[in-house]
Every structure is written in structure tokens, then in C-alpha cells.
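K.L.:
Need the 3D shape of this:
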Amino acid sequence: MKSPVSQNPHLWRLVRRWRQSLSFRLTFAHLLVFGVLIIASVTMIYTVQRSLLVRQGEDYAEQLGLRVVSDLNGVILQAQNQTRVLAELAQVVEPEPAGYQKLFSQIIVPPDMRDVVAGGGIWPEPYAFDPAVERRSFFWGMEPDGSLKYYDDYNDPNGPGYHMEHWYIPGRYYPPSAAIWSRSYTDPYSLQPMVTCTVPIYKEQQFNGVATIDLKLDGLNRTLIRAANTIGGYLFVVDREGRFVAFPQMDMIRQEHVGEAGDVQTEYLNLKDVTTKLPGMSRIAELHDEMNIRMIQNAQQNMVNFTQRVDELHRKYPALTTQQTQMLIASMFDQTKVKALNPRQVRRMTLASMPLVSEPCMVSVFHMPRTYWNVVMVVPVSTFTKPADQASNRLAMWFVGIQAVVMLILFVVARRLVLKSPRCRIVRDVLLKWDRKSDKQLEDDLEDIGSSMEHIRQLVRPQTPSAHGNNHAIYVNTDIERLIRDVLAIDAEDMNLKNILTHVQVSVEQLIKVDAYRLAQVLTNLMTNARHALEKVDDDQRRLHVSAHLIDNSILQITVHDTGCGIDPMQLPNIFEHGFTTNPSARGVGLHSAALAVSELNGSINAHSDGLNKGSTFTISIPVEVQPTINLVSMNS
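P.N.:
Below you'll find the predicted structure:
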């Protein structure tokens, strides 16, 4: 069936003439440009911008999770320190029952830890407290009303004895002041679910027993549940054996059974026990096993007589499995080598589902040194995608609206300038000539344009930073002296007002390929720290010296020396820890951030000071790539 237009020759000529008119072509060109802009903008918003928003949400949730884990680590460190206090007191206090009960009952639980502490005590070796008595422990448990109750049940001569408990045995093999954390369990007498911190007691260099502090699993779990409200997900904790310490719904990870005496006993499950019934746990169990195997292998390779010590311990305590014995010896060796105290993230992954969440989840695993606990943070992916979708929708609407208004204005202006202008005929003739160009000429023009665009793209590509976030280094050829002077220029006015004399000495004559952004961050933190130190001395003593040189043409070493207030030698080991500061108005993040940035540059940083009021020196060493063909001296000349 023919259309009405094709049936009417006159109408067809009018339509054809209108299609060939400048007005039609101008309208079509504007609509085409508008459509391309809309498609490009919407595509960019729903791909690049949305991905960036989702990634920012994940990073923010991860930072919140690390903060929660750091707070939990603070509770653990506080419990360890309190246990050490009990052990040190037990070393010096005369072994007299009434004195022990009066002293330790008052200090066993710090007032600020009553919500999480389940109890604690002193547990001497057999016949160590009283030569005539084999078992003489002093144990207090926290009652529901917050009061302490003294338990003498562990001293029952007919009982199994506390010397064979899983939380007591490791104390015999650890050095003084070392803290060991047990697996999660239920105390048979106070019936409190807990985890125990053990510190050995030594008298005259001989093992004399242990001191303990017990933490409530319910208290730890409540702390994590409150913190999880800020991240939109939940957290759970497993110990070094993979046994659950905390979980949002504790009934899911524990089971009850009747003991030999007919009493009901509660047992906390292992990760491997729940892999079949709780989704996603198999991946967490695999990661946990990988970390334990790596630590055991490290001990096997570097510890003398590792196998003999494992066999000896297993013969003495057959109740321990071979893996438990290996982990005990490996963790003891690890504590002598690893000095880290702060938790760290070991893995971030996306799983199809996790317990309590029936949708894809972001799962972050944090490792707590010393306790060898793994804290797992689970956040539904929708927590990030829904806000990202909402923001992308609003942004797309704004973009489309603004572009529509702009294109309408441009269309009106173009019509007035082109169609109603005296030069309209000239423009139309030019466009008609352009229409009559041969296909060969158009192909040649397009080929020339493509070649030019490819040349521009090749020039720009090396200078374009990665769009994958701040976690990727951007290495550029850098003039080190200029970088140092640029950083100094940031606070130049303030330093001049405070009479701080600066001196820069750089013996690097080549361009250095380095992550200039991170290096500038490090230098900014170090120079800010130096400026604060110099403000505390007299004006005529304020000197700041920055030097840089190459070692073996592969290591860049930068030294920042100030004549400021100096550093107490006792504080030097803690100078780069998060939160550590001697300035009441500071937050203690500058030097910690500098140390993290240097670590990301695969370098090292150290601090030196001869003492208070004797200045300080910070030295950073990072591997670099020297550009041998680019010499700054020849460039300047």
C-alpha cells in the first residue's frame, strides 16, 4: 500500500525540497548532536560514574569496618595489659590466701570493662602456692548483677584440675609477659560463655603458674552488633582454630550436648562445622586455613626443632590435636618475630550470599595480630548500589535537562544567524558543494582526521592517570629538588613568620620515575611534623634541613632534619603508630599516614633523635627508576 505522500507528486516534491533545505539539515544536525550527547552522557553516568560511586561506598564501609576492628583490638589490648598486671603482682605478692583474695578481688575487673569481662584469676602450678596443696587457684566470676563471685570449684581434688585446661597449657611454653588467647568455650562452673587471655607467671626465672582475664562472648557480640549498625551489615569473629567467638545470632553457631556427668554443655562450632548449612562459610574457612598453613610453614622453615617440639607437646598433652599443637608452637614463634599490634585487612571479595543475607555481599576479612582472630565484615552489595543508582538517576536527569535547554538555545540562535542572515545563500552554497564531494575525498578527509586523533591519543595516554581509584600508584618522571621545594612552598609564609630557616641540598641530577603524589604526601607530613617541633624552641634555633641523594642509582634517600624539641627515646618505637602523638591538639595520624604511604612505595622510613631538645631526623628510602637519558643539568643549560 502506497503512502499518501508517494501518491501525491506535488506533495512529494515539497517534502523532497524541504529535506534538501538548510532548515531541515540544521534541525537534523542539532537533533543528531543532541542524541549523541545524551547517549554519551547517560552511558558515562551509568558506567564510569556509577562504578566510582559504588567503589567509594565499598571503601567507606571498609574504613568503618577497620575502625570497628581497631576498637575491638583496643578492648583486647586492654584485657592483655590487665592480665599482665595480675601476673606481675602474683610474682611479688607473698603467697597467703587471705591477702590474695583481698588484693585480687579488688583489681581483677577494671571498672570500664565490666560490660565485657566475665572474670579472671590466678592459677599457680601444682604445689607452687602451698607445698602441701596441689591445687590452689583464685578465680572470680562476674554475676548477672555485676558483682564478683569467688569460685573454689577448680581446687576440688576430685575434679579434672585446671592444670590440664586448654587455656592453661600454653602458658608453660610462652615467655614472661606474653599474652595467649584461648578458643571460645563455656566455663564449667560459672556457666559463662567466654574466651580467656592467659599470661604466664615466672618467679626466679621458673614458670610458676598463669594469670587470666575472661571476656564474655555475649559482651563482645553486643559490642560488634552496635558497631555494625554504622556499616549496614554485620561482623563475626573466629579464633585461630576457626572456632566462632562472636556472631549476630549465637544460636546458629553453637550446640548443646549432655556431658558425662549428665549436665548440659554448650560447644561453639568451628567454621568447618557450618560450611554445609551456612552459605559462603566455605570460602571463609578456606582463607582461614590458608593463613594458618602459611604461619605453620613459616615456623617449620625458620624455627629450630619445630617438629621435635610439636611431638613433645603432643605426647605431654594428648588431648590436643596435631593441628592445635602445631598452631600453638607456630603462634609462639610468630609472636617472637612479628611486632605488629594493629589489625590489618587481608582480603576483600564479593560472594553470592552469606548467612543472614540472601543477596550478593561484600566480605572483608581483617586479621588481629597476637590473638590470631579473624574478623569478618559482611555488607550487602545493595547497600552501595542503591544509593549509587539513585545518585546516577538524579545526575542523568540533570544532565539531560541541562543539555536539552542548551541545545534548544543553540538551535534558536543558529536558525537566526544562518537562515535569516544575508549570508544564508553563501552558506547554503557551501553546504551543497560539501554534499557533492566525492566519496573518495570524504574517505581521505576521514583518514587524515583519524590519523591526527590517533597521534593526539598516543601523546596524551602516558600522562593520563588510572581511573581505578587511589590505590594504584601513578609513576611519573619527577624533578626531586623541585618537588621538595614545592612542598616547602606550601608552608613558606608560615615558616617565615616563625623565623624557621630552611636549607635544601639535592644531589640528584636526573629525573626520577616515582609516585610523586604519594611522595609529596610523605614529605608534607614530615615537614609539618618538623614545623610543629621547631615551634617549641627559641627563634634563633629554628633550622630545617632537607637533603636527597641516590644510593647505587636505584634507591632514593631523603632526609628531613630539624633542630626542634626532639623525641623521647622511649617514644621512638611508637612514633609511627596510629593515634600516637605528643601534641595535645593533634590526632596522631600524620606520621602514621606517612609510614603507610612509604610502605605503599615499597620503601622504609625511620626516625632518630638524640633526646629531648636535641632535634630529630626522619629518613625515607624508596626504590626508584632513574631516567639515564634525561639529565637535569643539561636540561637547565
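
K.L.:
With M142 as the reference, measure out to S621.
P.N.:
When Cβ to Cβ, to the nearest Å is the yardstick, S621 and M142 sit 51 Å from each other. Using the backbone N, CA and C atoms, a C-beta is placed for each residue, glycine as well.

K.L.:
List the buried residues of stretch 516-534.
P.N.:
Using 16 or more other Cβ atoms under 10 Å as the burial criterion, the residues of stretch 516-534 that qualify are 516, 518-534.

K.L.:
Domain map for this protein?
P.N.:
In the domain annotation for the chain, the residue ranges read 57-384, 475-636 (automatic domain parsing).

K.L.:
Select from the buried residues of stretch 516-534 every entry located in strands.
P.N.:
Under the assignment DSSP state E, these contribute nothing to strands.

K.L.:
Which of those residues fall within helices?
P.N.:
Using DSSP state H, the members of these that fall in helices are 516, 518-534.

K.L.:
what stretches of the chain score poorly on pLDDT?
P.N.:
With pLDDT under 70 as the threshold, the chain has low-confidence stretches at 1-22, 259-264, 338-340, 418-473, 584-588, 629-637.

K.L.:
Looks like C197 contacts A179 (just checking).
P.N.:
Yes - if you go by Cβ atoms under 8 Å, C197 and A179 touch, sitting 5.6 Å apart.

K.L.:
So between these two, which is more surrounded?
P.N.:
Comparing C197 with A179 by neighbour count (other Cβ atoms under 10 Å), the higher total belongs to C197, at 25 against 22.

K.L.:
I'd like the next helix or strand past the helix or strand harbouring that one.
P.N.:
Under the criterion of DSSP states H and E, C197 resides in strand 193-203. Heading C-terminal from strand 193-203, the first helix or strand you meet, by DSSP H and E, is strand 206-216.

K.L.:
Next secondary structure element downstream of that next one?
P.N.:
helix 217-228.

K.L.:
That following helix vs strand 206-216, what angle?
P.N.:
Orientation of helix 217-228 against strand 206-216 (axes from the mean of the first three to the mean of the last three Cα atoms, to 10 degrees) gives an angle of 50 degrees.

K.L.:
what about the longest helix in this protein?
P.N.:
As far as residue count goes, and with DSSP H defining each element, the longest helix of the chain is helix 50-92.

K.L.:
List the buried residues of the next helix or strand along the chain from that one.
P.N.:
For helix 50-92, the succeeding helix or strand toward the C-terminus, using DSSP H and E, is helix 97-107. By neighbour count on 16+ other Cβ under 10 Å, the buried set for helix 97-107 is Y100, L103, F104.

K.L.:
likewise stretch 502-517?
P.N.:
Using 16+ other Cβ under 10 Å as the burial criterion, the residues of stretch 502-517 that qualify are T502, V506, V508, E509, Q510, L511, I512, V514, D515, A516.

K.L.:
Which single one of those residues is nearest to Y268?
P.N.:
Nearest to Y268 among the buried residues of stretch 502-517, counting by Cβ to Cβ, is D515 at 45.5 Å.

K.L.:
quick one, what contacts that closest one?
P.N.:
Taking Cβ atoms under 8 Å, 6 or more residues apart in numbering, we find D515 in contact with A473, I474, Y475, V476, E600, L601.

K.L.:
so how far is the first residue of stretch 364-377 from its last?
P.N.:
Stretch 364-377 has an end-to-end distance of 5 Å (Cα to Cα, to the nearest Å).

K.L.:
what sits up against it?
P.N.:
Applying Cβ under 8 Å, 6+ apart, the set of residues contacting stretch 364-377 from outside is 61-62, 65-66, 68-69, 72-73, 76, 80, 179, 181, 231, 233-240, 245, 284, 287-288, 291, 331, 335, 338, 340-348, 363, 379.

K.L.:
now swap in stretch 225-233 and tell me
P.N.:
Residues external to stretch 225-233 that are found in contact with it (Cβ under 8 Å, 6+ apart): 61, 64-65, 68, 71, 234-235, 248, 357, 361, 377-380, 383.

K.L.:
returning to that earlier point: any quick PyMOL command for the buried ones out of the contacts of D515?
P.N.:
One line in PyMOL is enough to select the buried members of the contacts of D515, burial here meaning 16+ other Cβ under 10 Å:
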select buried, resi 601
